[in-house]
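*Asks:* Here's my sequence, what's the structure:
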Amino acid sequence: MEEAAWVEVDSLLDEMIAAQRVRLLQLARRIRPTTTAEDLLQPHDYPELSANSDFNFEDGILAGYLALRAALRARR
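*Replies:* You can find the predicted model right below:
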């Protein structure tokens, strides 16, 4: 893959990750209003979040995006 394509893909993934983090925080705050962005780094510390299937789904989406970005950067 050409360098310009790598840069474009990496930029797109950064945008997707940022958007998913916002979405996840909004969902978490509907479940637990005092949730902070830092709380999302250890969501299993908060039973209300870890027991919520919608939260776990969205958290899994974020984890997938992060894994994809790491794999692509490693391949580069």
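*Asks:* And the helices in the protein?
*Replies:* Using DSSP state H, the helices of the chain run over residues 3-31, 47-50, 53-75.
*Asks:* Could you pull out the buried residues of the first one?
*Replies:* Think helix 3-31. By neighbour count on 16 or more other Cβ atoms under 10 Å, the buried set for helix 3-31 is 13, 17, 20, 21, 24, 25, 27, 28. Where you see a C-beta, it was placed from the backbone N, CA and C, and this is true even at glycine.
*Asks:* Between the residues you listed, which sits nearest residue 73?
*Replies:* residue 13 (9.2 Å; Cβ to Cβ).
*Asks:* from what I can see residue 9 touches residue 72, true?
*Replies:* Yes: contact criterion Cβ atoms under 8 Å: residue 9 and residue 72 qualify, at 6.5 Å.
*Asks:* so where's this structure shaky on pLDDT?
*Replies:* Across the chain, not a single residue meets the criterion (pLDDT under 70).
*Asks:* how far away is the spatially most central residue of it from residue 2?
*Replies:* Centrality entry for the chain: nearest residue to the mean C-alpha point is residue 62, 2.7 Å, by Cα atoms, centre = their mean. In this view, residue 62 and residue 2 are 28 Å apart by Cβ to Cβ, to the nearest Å.
*Asks:* do the same with residue 76
*Replies:* From residue 76 to residue 2 the distance is 11 Å (Cβ to Cβ).
*Asks:* mind giving me TSV with the helices of the chain and columns for distance to residue 40?
*Replies:* Putting the helices of the chain into TSV (distance: least, Cβ to Cβ, whole Å) gives the following:
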stretch	distance to residue 40
helix 3-31	6
helix 47-50	8
helix 53-75	8
